[in-house]
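>>> Attaching a predicted model along with its sequence, questions to come.
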Amino acid sequence: MREKLTENDVKKIQEEIEYRKLVVRKEAIEAVKEARAQGDLSENFEYQAAKKDKNRNESRIRYLERVLKTAVIVSDKSEAGVAGINNRVTVYFPDEDEEETYKLVTSIRGNSLEGHISTESPLGKAIFGHRAGDRVQVHVSDSVSYEVEIRNVEDTTDDDEQIRAY
C-alpha cells in the first residue's frame, strides 16, 4: 500500500532513519558485543535481548525506508474552512446526539485514542474536503453507513505528532 505523506511526514521519517542508523544502531551493536563477552550464548538472556533490540531497530529502518520509497506526497494545505490534513474538525453524530472533535492526519500519524483520524479511515474520507454545515455519509462497508454533520473546521498546523510505530 502506498502511504500518503506530507512533506513534514517525510522529513520526520528521514530524521528517524538517520537517528536509528547513527545512534540506535551503534548502541545496539555495542550491547550485543558486551552481552556476547559474558560467555555461554545459549543461556545468556542479555545477549538474546540485545540481539532482539538490534533486529527490531533494523526492521524499523527497513520499514521506514520502504514507506519513503513508495510514498505519495500530499499537501497539508487546504482552503480556509475546508476539512484538510492537520485541521481539527468537529463532527455531530445525530444517531447518538453527540459531538466529537478530531484532527485529520495522514495514515502514518493516525491515532484514534488521541483524536487523530486518518484521511484514509471511513470517517476521515467522508469529511475530507467538506465545510461546516455539510452533512456527509460515512461508508463503513458496502452494507453499513451513517450520516454525520460537520459543525466546525479549525485550521491548525502540524503539532509535531509522532509517526506510528508500525
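That came in fine, so what should we check first?
>>> Using neighbour counts, pick out the buried residues of the top helix by length along the chain.
If you go by DSSP state H, the chain has its longest helix at helix 45-70. Buried residues in helix 45-70, counted by 16 or more other CB atoms under 10 Å: Tyr47, Ala50, Lys51, Lys54, Asn57, Arg60, Ile61, Leu64, Val67. All C-beta spots, glycine's among them, are computed from the backbone N, C-alpha and C.
>>> which outside residues touch the following helix or strand past that helix?
As assigned by DSSP states H and E, the chain's next helix or strand after helix 45-70 is strand 72-73. Strand 72-73 is contacted from outside by Arg2, Glu3, Lys4, Leu5, Thr6, Glu7, Val10, using CB atoms under 8 Å, 6 or more residues apart in numbering.
>>> where does the third one land on pLDDT?
As summarised for this prediction, Lys4 has a pLDDT of 86.
>>> check contacts around it.
Contacts of Lys4 by CB under 8 Å, 6+ apart are Ala71, Val72, Ile73, Val74, Thr106, Ser107, Thr119, Glu120.
>>> now do the second one
With contacts taken as CB under 8 Å, 6+ apart, Glu3 has the following neighbours: Val67, Thr70, Ala71, Val72, Thr106, Ser107, Ile108.
>>> Now, of the residues you listed, which are buried?
Judged by 16+ other CB under 10 Å, buried ones among these: Val67, Ala71, Thr106, Ser107, Ile108.
>>> now, which of these sits nearest Val140?
Each of those was checked against Val140 using CB to CB; the closest is Ser107, at 17.0 Å.
>>> all helices for the chain, in order.
With DSSP H, the ranges of helices along the chain come out as 7-19, 25-36, 45-70, 122-127.
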